[in-house]
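1. I would like to see how this sequence folds:
(one chain, ligands or ions: 2)
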Amino acid sequence: ATRYEALSVDTLATRLGDVHEVASRVGGDSASWEIREVGDGNLNLVFIVTGSVGSVVVKQALPYVRMVGESWPLPLYRAHFEYYALVRQARRDPGVAPEVFYFDKAQALIVMEYLHPHVILRRKLINGERVAGLGETLGRFCARTAFRGSELSLESPEKKQDVGLFSGNVAIPAITESLVFTDPYFNAEMNHHTPALSPVVERLRGNATLKARAQRMLLKFTANAETMLHGDLHSGSIMATDTDVRVIDPEFSQYGPMAFDLGMAVANFLMAYFSQPAHRLDSDLAAYQAWILEVIEACFTSFDAEFRHLWQTERTGILFPRALFEDQGHESEAACDALLEEIRQDALAFCGIEMHRRVLSLAHNADFEEIEDTALRAGLEARNLLMGEELVVNPAAYSDMAALRKLAKMHNRQ
Ligand code: SR1
Ligand code: MG
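-> Ligands and ions are numbered 1, 2, ... in the order given. Alright, predicted model coming up:
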């Protein structure tokens with residue numbers, strides 16, 4: 001069909017049975033396909049389709065926000081930006097994003113690799129499981145996509161054309177602009193928070209410096225089209241086994257600041273860190289929280305190392321051209337150091353904002369939401385909010401991991 005129709009477990013086999021790219025991966029006898037709808041995100045339908053040959057994932061956009069309902073329409077075109085993003089990520093950091101097998105623009109659907117036995121990282125963190133190489137893979141992914149999607153690497157016309165292409169996506173950035181950057185800081189209609197948090201919420205909303213800083217970061221987010229972002233790199237957008245890490249779900253992809261994805265990822269590790277006392281026995285708690293801080297350190301270290309490596313080996317765009325640095329060693333390194341320091345500070349400020357919105361705005365996360373004891377939950381959320389406040393207001397104080405670690409531990413005790 002060319003007219004969009006939402007799939008269901010009953011119609012999927014008939015609708016996709018004749019599509020070669022699907023049948024060849026799943027098996028030709030579509031009548032025998034086993035189909036499960038597993039979408040638990042905020043927006044889309046997600047099916048796992050299994051046949052005699054193998055399994056695929058079918059993701060289809062709905063014309064509205066799933067978590068709210070038809071009262072909040074959302075354009076189907078977001079699926080083609082997700083498809084564009086997956087293709088670009090596969091080029092820039094091969095093997096991390098799921099492989100795409102088929103894309104149907106009219107049906108807003110993407111058929112892609114079924115990641116197995118991977119599970120959503122957020123679940124692993126709540127369960128207290130470790131993932132080898134987690135921070136290293138994510139830091140490298142953020143560095144490669146940031147660098148290779150920017151004019152540090154791309155030819156200027158290619159980059160500008162791509163910015164033009166992505167500028168057709170107006171609905172998705174608008175969600176982030178309000179839900180992430182603005183709603184947490186006033187009494188917005190869809191906000192909700194644990195009632196006992198109200199004194200802390202009042203403090204944050206009364207902090208004019210914090211609100212102005214958050215808006216300065218929004219200005220960077222909307223106006224600094226530095227690179228193609230994942231745009232929603234939380235722990236629900238990461239799937240992992242104990243030894244493998246994959247990044248999924250870039251439907252919030254847009255052009256924006258290089259620091260954004262790194263900051264989002266780190267925020268989600270900090271929220272996992274602060275929520276742990278509700279999920280772990282005391283005997284395991286300290287060691288697991290220490291491991292989360294190591295993951296955060298690895299994110300930053302591996303981002304820096306990969307970015308520096310690409311700076312030296314792939315700086316082929318219009319930015320910081322080699323001709324500008326007479327001494328290819330020291331001068332160029334100093335320029336890279338300064339840029340990385342700016343990225344780190346911006347990442348920490350984005351991180352603080354994400355820590356706020358997941359507790360105060362519309363879309364919360366399971367790390368805190370699954371804590372049934374609301375007094376305990378409010379106490380842990382308060383630690384998270386207060387550390388977030390410090391990061392937004394004063395990111396320059398946390399240029400090194402020792403300072404960031406100290407801040408997290410201090411709030412964890414309060
Ligand atoms: C209405 S969409 C709410 C949130 O879900 C997505 O995963 C993004 O994080 C968005 O902010
Ligand atoms: Mg998502």
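2. and this protein, which residues reach ligand 1?
-> When proximity is defined as Cβ under 6 Å from any ligand atom, the chain approaches ligand 1 at 42-43, 65, 175-176, 179, 232, 252, 363. Using the backbone N, CA and C atoms, a C-beta is placed for each residue, glycine as well.
3. how about those in JSON lines, adding secondary structure, distance to Phe300 and neighbour count?
-> What follows is the residues of the chain next to ligand 1, written out as JSON lines (DSSP: H, G, I helix; E, B strand; the rest coil; distance: Cβ to Cβ, whole Å; neighbours: other Cβ atoms under 10 Å):
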{"residue": "Asn42", "secondary structure": "coil", "distance to Phe300": "28", "neighbour count": "14"}
{"residue": "Leu43", "secondary structure": "coil", "distance to Phe300": "30", "neighbour count": "23"}
{"residue": "Val65", "secondary structure": "strand", "distance to Phe300": "33", "neighbour count": "18"}
{"residue": "Ile175", "secondary structure": "helix", "distance to Phe300": "27", "neighbour count": "20"}
{"residue": "Thr176", "secondary structure": "helix", "distance to Phe300": "23", "neighbour count": "22"}
{"residue": "Leu179", "secondary structure": "helix", "distance to Phe300": "26", "neighbour count": "18"}
{"residue": "Asp232", "secondary structure": "coil", "distance to Phe300": "20", "neighbour count": "25"}
{"residue": "Phe252", "secondary structure": "coil", "distance to Phe300": "22", "neighbour count": "25"}
{"residue": "Ala363", "secondary structure": "coil", "distance to Phe300": "26", "neighbour count": "19"}
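4. For stretch 283-297, what is the distance to the chain centroid?
-> Its chain's C-alpha centre and that of stretch 283-297 lie 21 Å apart, by Cα atoms, centre = their mean, to the nearest Å.
5. mind checking the SS state of His356?
-> Look at His356: counting by DSSP: H, G, I helix; E, B strand; the rest coil, its state is helix.
6. That one - nearest residue in space that isn't next to it in sequence?
-> Closest residue to His356 apart from its sequence neighbours, by Cβ to Cβ, 6 or more residues apart in numbering: Pro184 at 4.3 Å.
7. pretty sure that neighbour contacts Ile353?
-> Yes. Counting by Cβ atoms under 8 Å, Pro184 does reach Ile353; the two are 7.4 Å apart.
8. Now for the residue nearest to His356, how many residues are close by?
-> Pro184: 29 surrounding residues under other Cβ atoms under 10 Å.
9. which residues does it contact?
-> Contact analysis of Pro184 by Cβ atoms under 8 Å, 6 or more residues apart in numbering lists 191, 204, 214, 353, 356-357, 359-361.
10. Check which helices and strands the host helix or strand of Thr222 sits against.
-> If you go by DSSP states H and E, Thr222 is part of helix 208-223. Judged by 3 or more Cβ pairs under 8 Å, 6 or more residues apart in numbering; DSSP states H and E, helix 208-223 is in contact with strand 255-256, helix 330-360, helix 374-393.
11. could you give the angle of the longest one to helix 208-223?
-> Following axes from the mean of the first three to the mean of the last three Cα atoms, to 10 degrees, one obtains 110 degrees for the angle between helix 330-360 and helix 208-223.
12. what angle separates helix 330-360 from helix 374-393?
-> Helix 330-360 and helix 374-393 meet at an angle of 150 degrees, taking the same axes, to 10 degrees as the criterion.
13. Following the chain past helix 330-360, name the next helix or strand.
-> helix 366-369.
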